[in-house]
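Engineer: quick one, what's the 3D model for this:
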Amino acid sequence: MTDTTWKISLLGGLKRRGLKRIPEHTIVITGVGGADLDLTGATPPGDRFTLTKVSLAGGVKLAVPAGVRVEVKGFHPFGRHVERGTEDSGAPVFKVRAYTLFGGVRIRRTV
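Structural biologist: All right, here's what the predicted structure looks like:
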């Protein structure tokens, strides 16, 4: 069974900092609002973590530990995809599935 967390909101997004444990799959559905997650101190639930974000407006900001591989898929026609830092081929994979009309995806790897 998959460990999944849901956040559904018409207005407003999801903001999480200081997490120690993260679920295998986080799903955020909003009319207007983004997903802002700082996972730098969190322990991944194995070798994969998936964030699925669906909204009319609102992007994804994700901070991950240095070296983590991030795989971004989906569509965000009026947003951009920015990724900072380098990844390690043997590191866990964080998957981002972003489906939004207005909003992009920003990935930041911490030192």
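Engineer: give me the element Ile27 is part of.
Structural biologist: strand 25-32 (DSSP states H and E).
Engineer: now that strand: buried residues?
Structural biologist: Applying a neighbour-count criterion of 16 or more other C-beta atoms under 10 Å, the buried positions in strand 25-32 are His25, Thr26, Ile27, Val28, Ile29, Thr30. Bear in mind the C-beta positions are built from the backbone N, C-alpha and C, glycine included.
Engineer: can I get those in JSON lines including pLDDT and distance to Thr86?
Structural biologist: Shown next, in JSON lines, are the buried residues of strand 25-32 (pLDDT from 0 to 100; distance: C-beta to C-beta, whole Å):
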{"residue": "His25", "pLDDT": "92", "distance to Thr86": "26"}
{"residue": "Thr26", "pLDDT": "90", "distance to Thr86": "24"}
{"residue": "Ile27", "pLDDT": "92", "distance to Thr86": "28"}
{"residue": "Val28", "pLDDT": "92", "distance to Thr86": "27"}
{"residue": "Ile29", "pLDDT": "93", "distance to Thr86": "32"}
{"residue": "Thr30", "pLDDT": "92", "distance to Thr86": "31"}
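Engineer: ok, Glu71 - contacts?
Structural biologist: Val93, Phe94, Lys95, Val96 (C-beta atoms under 8 Å, 6 or more residues apart in numbering).
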